[in-house]
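Chemist: The following comprises the amino acid sequence and a computationally predicted model.
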Protein chains: 4
Amino acid sequence: MGNTFGHLFRITTFGESHGGGVGVIIDGCPPRLEISEAEIQVDLDRRRPGQSKITTPRKESDTCEILSGVFEGKTLGTPIAILVRNQDARSQDYDEMAVKYRPSHADATYDAKYGIRNWKGGGRSSARETIGRVAAGAIAKKILYQVAGVEIIGYVKRIQNLEGMVDPNTVTLEQVESNIVRCPDADCAEKMIDLIDQIRRNKDSIGGVVECVARNVPMGLGEPVFDKLEAELAKAVMSLPASKGFEIGSGFGGTLLTGSEHNDEFYLDETGQLRTRTNRSGGVQGGISNGENIIIRAAFKPTATIGKEQNTVSNAGEETTLAAKGRHDPCVLPRAVPMVEAMVAIVLCDHLLRFQAQCKTLD
Amino acid sequence: MGNTFGHLFRITTFGESHGGGVGVIIDGCPPRLEISEAEIQVDLDRRRPGQSKITTPRKESDTCEILSGVFEGKTLGTPIAILVRNQDARSQDYDEMAVKYRPSHADATYDAKYGIRNWKGGGRSSARETIGRVAAGAIAKKILYQVAGVEIIGYVKRIQNLEGMVDPNTVTLEQVESNIVRCPDADCAEKMIDLIDQIRRNKDSIGGVVECVARNVPMGLGEPVFDKLEAELAKAVMSLPASKGFEIGSGFGGTLLTGSEHNDEFYLDETGQLRTRTNRSGGVQGGISNGENIIIRAAFKPTATIGKEQNTVSNAGEETTLAAKGRHDPCVLPRAVPMVEAMVAIVLCDHLLRFQAQCKTLD
Amino acid sequence: MGNTFGHLFRITTFGESHGGGVGVIIDGCPPRLEISEAEIQVDLDRRRPGQSKITTPRKESDTCEILSGVFEGKTLGTPIAILVRNQDARSQDYDEMAVKYRPSHADATYDAKYGIRNWKGGGRSSARETIGRVAAGAIAKKILYQVAGVEIIGYVKRIQNLEGMVDPNTVTLEQVESNIVRCPDADCAEKMIDLIDQIRRNKDSIGGVVECVARNVPMGLGEPVFDKLEAELAKAVMSLPASKGFEIGSGFGGTLLTGSEHNDEFYLDETGQLRTRTNRSGGVQGGISNGENIIIRAAFKPTATIGKEQNTVSNAGEETTLAAKGRHDPCVLPRAVPMVEAMVAIVLCDHLLRFQAQCKTLD
Amino acid sequence: MGNTFGHLFRITTFGESHGGGVGVIIDGCPPRLEISEAEIQVDLDRRRPGQSKITTPRKESDTCEILSGVFEGKTLGTPIAILVRNQDARSQDYDEMAVKYRPSHADATYDAKYGIRNWKGGGRSSARETIGRVAAGAIAKKILYQVAGVEIIGYVKRIQNLEGMVDPNTVTLEQVESNIVRCPDADCAEKMIDLIDQIRRNKDSIGGVVECVARNVPMGLGEPVFDKLEAELAKAVMSLPASKGFEIGSGFGGTLLTGSEHNDEFYLDETGQLRTRTNRSGGVQGGISNGENIIIRAAFKPTATIGKEQNTVSNAGEETTLAAKGRHDPCVLPRAVPMVEAMVAIVLCDHLLRFQAQCKTLD
């Protein structure tokens, strides 16, 4: 269990890093949506390893095959199964990690939980699992765009203490993709790239913050109690590897304001539409979207697997040291951007369908 | 939908602020657990309004009645239904809010979503909804304690910029309950109380941070992908009213460290148990509990409903102003403490059962 | 678990026969539906005990109270909680059954599963549990009627070997309700009533078959694989107490025909609508409604609790005999009619919302 | 939606008849179970086409590949993805069926629901979908056998009006597999084979009844209300293509008895174990297994697709005739046997885990 996400637009991922492959089944997709492997590949390419000097050099084309659910270029309404074969698996890099637990990694907890573990490439805990999410996210994005013109754009907001200046209300995908670190603030991006590169050479790693905006989200998405939109987004994003924190709108910073400073006053725009003058709510009030831009942030810790020697313990119960071999990202942030976008898209698409079901049936 | 939480220990809440009552159905509770209304009432009393000068003066005893699922003092394994009747409902306080949308509240989004709204007392968006959660949490806490000695303790960590010094590894429930703001740092608590009281007199409101620790959690709880323990905790906590952010372990602050600084090195304690020297992971690695203390933090914004006059819009589509009547908390934090504890307990109890199912069946 | 049914129109029931009460939470109901306790009471009255000489004489008014989810006569879109208090509980009738297992009843299996059991009135295994289903069914029926003019009519088709002649395509609720056994074939009904009355005097019990038709069901409801409409209906009906078999359309009898005899040929009616000349499919093809009348049948065994002496075993592990005291139905069929209707309505309403979500979003 | 089944042992199938392939993801499988593709292949071979003269001659080896979730011959506790590629797809056979709706098939309802349909080989409505179920069933069977020695054996009980004499309490897999129609009554089997062969030559089709027994099922499996074991089994079996009816124990025939005749009296066997002298309950009382053999029956209609000419309508809305080309089973029963077994196994395995979770946690 725990490998399925979503209530109506529902994805189930499978696969280990070094096995037959990884992928996803998407159930509940509306029929007659035009979709192709090429469209899905665009986001997979933003996620794949080896895309730049600041990502892991593991070479994977991550080419996807749609096994089912699409016929003559259109979705059938039946499950869409998407498969990506594993290619560049160097299992020998993991011989040592088969017996020594990487600090702050999933090795020890998998052993404690399951009594068994595919130690090659991290197995199920590898970020390769997110391939299925990103593929599903590409489809969710297309539905949202087609139905309501929704745009979902993620970007690197901060690397360690280097914070970019980005306006979520106007940022474009082109700006994000204009550099390899995916920070739309070009000056800051350059510094970020240098920092990551230096950290990489030190056999160390580094973290930061991804921000993501969803624009043109219709009012009324989200459920008032447990499935509040911010709760669903929090779960979605906090289920990504290496995430340690989540915020919406004003987030932790908002706790420094008083209510009269923090509240988003309502007004009517020139078209008579209900709007808020500020957006500390981050586009969600009472768990339901209010039509303003949804803005969330996620903290990603520094990659756990590093080349520097660390103290640890073996699965035989002996204290030892480990300097990890293998090809690892010195910083997950640039590749986390499409992952965050995908999870946001899947949540919003699921709630679009939920809204349609409950609130449109009696119309 | 959206009113059910949990997969095996599953709760469904119901009720509006000014209606027949509020409550919860708990499905999947193990049979033969000794439980009484009095035990549940303890946490309900920590949550109820009118408990101190810094909470809303609305007078509700919030006395619970167990309608089903318990027989001669023990759980039956059948659904436990718990009902709390509403008492001190002053609907007339809400006449103005029936037509004027409170800024940053759920009034406008409910109308947009449902085309109808119980405007009395906030209806379903009222914090009274959390009564059912707190009742269910009391049962979850007891199961966890009985099975593994788990202790779950929440407390106010920060009010606006007043931050208490608290050691999550040693804090006690008695320390938390020793003052009305529920901050175990007595000196800081006094300042917090003064600040809240002053804000209340200003007809304004204020926010802060609740921290919660779960001690003695067994290794192996949590699922590796979408239902990672931190993801489930994030959703649980972010589904509470007024929450804007969530962190586990090092959280956002951890992004300032390098991997070699951030990683929790493993060692063997005197009993041969695998432990970590630090706990930046917050007790969870790869989505699965590692046996260390689970430590999370939640940001709560300042209460949206304030007595100060604000600009807003009416449901008739006219710009207007509103100075909210009614009895509202100037700061939700003291009453949010048992809510956070309850949600943490429900998540852990659910995953205890999930672990039992998947990982103990073939033993 | 196992006390929740439905994916989008989702009900959770609670309550034991002799406890605080029984009821239901309905989650996912569309907002703005006009509904009153009086409307719900109509079906509850068809289900309640004591309604005629051929049902149990237990006196329960089964008056329902809507606790939440309805405001000024209309649904809010939030959970609708409905409570019915238990009244005429004569627990002393069950003293003997507290220790002696009734043959073919749930006493022994509850003890085996849970290690505890509310033996008063059968506890959770009592047919009182179906009160919540019937209440929810009344709401589902109204939604279906309002959206598509759907009519759901159940009736007693057979008591032991007395089979009524009924045309499901034209039968009316008035015909069903014209006699106390709920068989629209008046001559046969009289014989059925006599038979049940005679069996009752013998301290024995008797079973039969309920048939149920749903007319005007839109095409396209149902999911092709596990949630085929016939599979969902089968589960719904087989979850009712005392059910032992389920059929749709031609059912078991259809296995005696060849394909060329059994297939429902298509034609176009005068309005150009696709229709079938026969309806051996029972209104469902490939798991999806085809617009013809949905016709199902359910077998209900003779009531397990009887006054005749039977051999059995006590919970202390001793062989003994039991002649059950208490007030029991000699035949569950007349009261099962509204239960079957309710379950059919809940399935169809759930799938109406599911259809709306998946198949209308891209329209 | 609707392509997932099970709550804890949860399967999701995907795939169309003529596409990239079909398969399944199994989530929640206990870790450390030894399993191989060869073991799964045994049941797939019992299901595959072309296995005898009375099944469709379509040639498919249905060779399965485990893509994930198994490592060095043991389950990991992570999702097990199993893929079977489609091979012998003769799409041209379906050219006519692309435009003409087969009577009593899913063609017309898919078009009505989705507005699109993969008409090649029946697409998602093809019995090839059940490959994933049978593969998952093989794993479920192994878990059940390993934990409790459970044996699940299905067989053909009746073809049209030819009914075999079979004792469910003693029948063996060898007896079932000793002939191509899978009826353990050898004399009757011969007649069945002749009948099917004759029907095949007539370009017609035929139906019948599969019976299935589960022996050594532990007491206590099943949930008392909606997820009663018989309700779950009913849904499981009624979700198989061509099923029209379901019975447990005495089924429809039991309605002809009185309660005193029908009830299963309890006694203590020589080991002191609680047993019933008869088994009209079919191994389930009050929705929960009682330790006796679980016995169910399923009615399968004659195959809808036949070579005989029938009247129908085209998707262009014109009345026409169709004599179906393609290679179709004249009788689905022999191949339905492993499908029924698989669905029974999946239900029981799911409830084994559910029992473990709820009822063993406080032990």
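Modeler: Okay, I see it. Here the structure is a predicted model, which means the values were calculated and not measured. Numbering: from 1, shown residues only, chains lettered A, B, ... in the order given.
Chemist: Contact partners for A:Pro224?
Modeler: With contacts defined as CB atoms under 8 Å, 6 or more residues apart in numbering or on different chains, the neighbours of A:Pro224 are A:Gly286, A:Gly287, A:Ile288, B:Gly2, B:Ala106, B:Tyr110, B:Arg124, B:Ser125, C:Thr78. For every residue, glycine as well, the C-beta is placed using N, CA and C.
Chemist: ok, now which ones touch the closest residue to the second one other than its chain neighbours?
Modeler: Of all residues not flanking A:Gly287 in the chain, A:Lys228 sits nearest, at 2.9 Å (CB to CB, 6 or more residues apart in numbering or on different chains). If you count contacts by CB under 8 Å, 6+ apart, A:Lys228 has them with A:Gly222, A:Val284, A:Gly286, A:Gly287, A:Ile288, B:Gly2, B:Met238, B:Ser239.
Chemist: Can you add distance to A:Ser205 and secondary structure and give the contacts of A:Pro224 back as CSV?
Modeler: Output for the contacts of A:Pro224, formatted as CSV (distance: CB to CB, whole Å; DSSP: H, G, I helix; E, B strand; the rest coil):
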residue, distance to A:Ser205, secondary structure
A:Gly286, 39, coil
A:Gly287, 36, coil
A:Ile288, 38, strand
B:Gly2, 38, coil
B:Ala106, 41, coil
B:Tyr110, 45, helix
B:Arg124, 45, helix
B:Ser125, 42, helix
C:Thr78, 46, coil
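Chemist: Make a markdown table out of the residues you listed and add neighbour count and pLDDT.
Modeler: Listed next are those as a markdown table, based on neighbours: other CB atoms under 10 Å in any protein chain shown; pLDDT from 0 to 100:
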| residue | neighbour count | pLDDT |
| --- | --- | --- |
| A:Gly286 | 26 | 97 |
| A:Gly287 | 27 | 98 |
| A:Ile288 | 27 | 98 |
| B:Gly2 | 25 | 94 |
| B:Ala106 | 26 | 96 |
| B:Tyr110 | 29 | 97 |
| B:Arg124 | 31 | 95 |
| B:Ser125 | 27 | 94 |
| C:Thr78 | 34 | 98 |
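Chemist: Tell me the confidence at the residue nearest to A:Gly287?
Modeler: In this model, A:Lys228 is scored at 98, pLDDT.
Chemist: Going by neighbour count, list what's buried in the host helix or strand of A:Ala140.
Modeler: Assigned by DSSP states H and E, A:Ala140 belongs to helix A:130-148. Applying a neighbour-count criterion of 16 or more other CB atoms under 10 Å in any protein chain shown, the buried positions in helix A:130-148 are A:130-144, A:147.
Chemist: Pick the one among those residues closest to chain C.
Modeler: Ranked by distance to chain C (CB to the nearest CB), the buried residues of helix A:130-148 are led by A:Val147 at 6.4 Å.
Chemist: Touching, the closest one and A:Leu352? I think so.
Modeler: Yes. Contact criterion CB atoms under 8 Å: A:Val147 and A:Leu352 qualify, at 6.5 Å.
Chemist: what about whatever residue of the stretch 251-363 of chain A ends up closest to chain B, distance to A:Thr361?
Modeler: Ranked by CB to the nearest CB, the top residue of the stretch 251-363 of chain A for proximity to chain B is A:Gly286, at 2.3 Å. Using CB to CB, to the nearest Å, A:Gly286 is found at 22 Å from A:Thr361.
Chemist: A:Val84 too?
Modeler: Counting by CB to CB, the separation of A:Val84 from A:Thr361 is 37 Å.
Chemist: ok, and does the longest helix along chain A reach over to chain D?
Modeler: Under DSSP state H, the helix in chain A containing the largest number of residues is helix A:333-360. No. Judged by CB under 8 Å from any CB of the partner chain, helix A:333-360 and chain D are separated, with a smallest distance of 9.4 Å.
Chemist: by contact count, what packs against that helix?
Modeler: Secondary-structure packing of helix A:333-360 (3 or more CB pairs under 8 Å, 6 or more residues apart in numbering or on different chains; DSSP states H and E): helix A:37-47, helix A:130-148, strand A:151-159, strand A:208-215, helix A:229-238, strand A:294-300, helix B:107-114, helix C:333-360.
Chemist: Tell me what angle it forms with helix A:229-238.
Modeler: 150 degrees (axes from the mean of the first three to the mean of the last three CA atoms, to 10 degrees).
Chemist: Next, the buried residues of helix A:333-360.
Modeler: Per 16+ other CB under 10 Å, helix A:333-360 contains these buried residues: A:333-359.
Chemist: same deal with stretch A:177-196?
Modeler: A:179-185, A:188-189, A:192-193, A:195-196.
Chemist: before we move on, what about stretch A:92-99?
Modeler: A:Asp93, A:Tyr94, A:Glu96, A:Met97.
Chemist: Residues touching that stretch, excluding its own?
Modeler: With contact meaning CB under 8 Å, 6+ apart, stretch A:92-99 is reached by A:18, A:107, A:119-122, A:314-316, A:322, A:324-327.
Chemist: Okay, and which of those map to helices?
Modeler: A:Asp107.
Chemist: and which of the contacts of stretch A:92-99 is nearest to chain C?
Modeler: Distance to chain C, by CB to the nearest CB, is smallest for A:His18 among the contacts of stretch A:92-99, at 31.5 Å.
Chemist: For that closest one, list the residues it contacts.
Modeler: Here A:His18 is in contact with A:Asn86, A:Ala89, A:Ser91, A:Tyr94, A:Asn118, A:Lys120, A:Gly121, A:Gly123 (CB under 8 Å, 6+ apart).
Chemist: In PyMOL, select just the buried ones from the residues you listed.
Modeler: Those of these that count as buried under 16+ other CB under 10 Å are selected in PyMOL with:
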select buried, chain A and resi 86+89+94+118+120+121+123
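Chemist: Quick check: the farthest pair among the contacts of A:His18?
Modeler: Using CB to CB, the pair of those lying farthest apart is A:Asn86 and A:Tyr94, separated by 13.5 Å.
Chemist: what kind of secondary structure is A:Gly220 in?
Modeler: Secondary structure assignment for A:Gly220 (DSSP: H, G, I helix; E, B strand; the rest coil): coil.
Chemist: Give me the spatial nearest neighbour of it, chain neighbours excluded.
Modeler: A:Gly220 sits nearest to B:Lys113 (CB to CB, 6+ apart), 3.8 Å away.
Chemist: surely that neighbour meets A:Met219?
Modeler: Yes. Judged on CB under 8 Å, B:Lys113 makes contact with A:Met219 at a distance of 7.2 Å.
Chemist: any residues in contact with both of these two?
Modeler: A:Ile288.
Chemist: ok, the two, which is more surrounded?
Modeler: When neighbours are counted by other CB atoms under 10 Å in any protein chain shown, B:Lys113 and A:Met219 differ, and B:Lys113 comes out ahead with 27 against 20.
Chemist: how close does that one sit to B:Thr55?
Modeler: B:Lys113 sits 29 Å away from B:Thr55 when distances are taken as CB to CB.
Chemist: just A:Glu265 next, same as before
Modeler: Separation of A:Glu265 from B:Thr55 (CB to CB): 26 Å.
Chemist: More neighbours: which of the two?
Modeler: B:Thr55 (23 against 18).
Chemist: Now do the contacts for that one.
Modeler: So B:Thr55 contacts B:Pro49, B:Asp329, B:Pro334, B:Arg335 (CB under 8 Å, 6+ apart).
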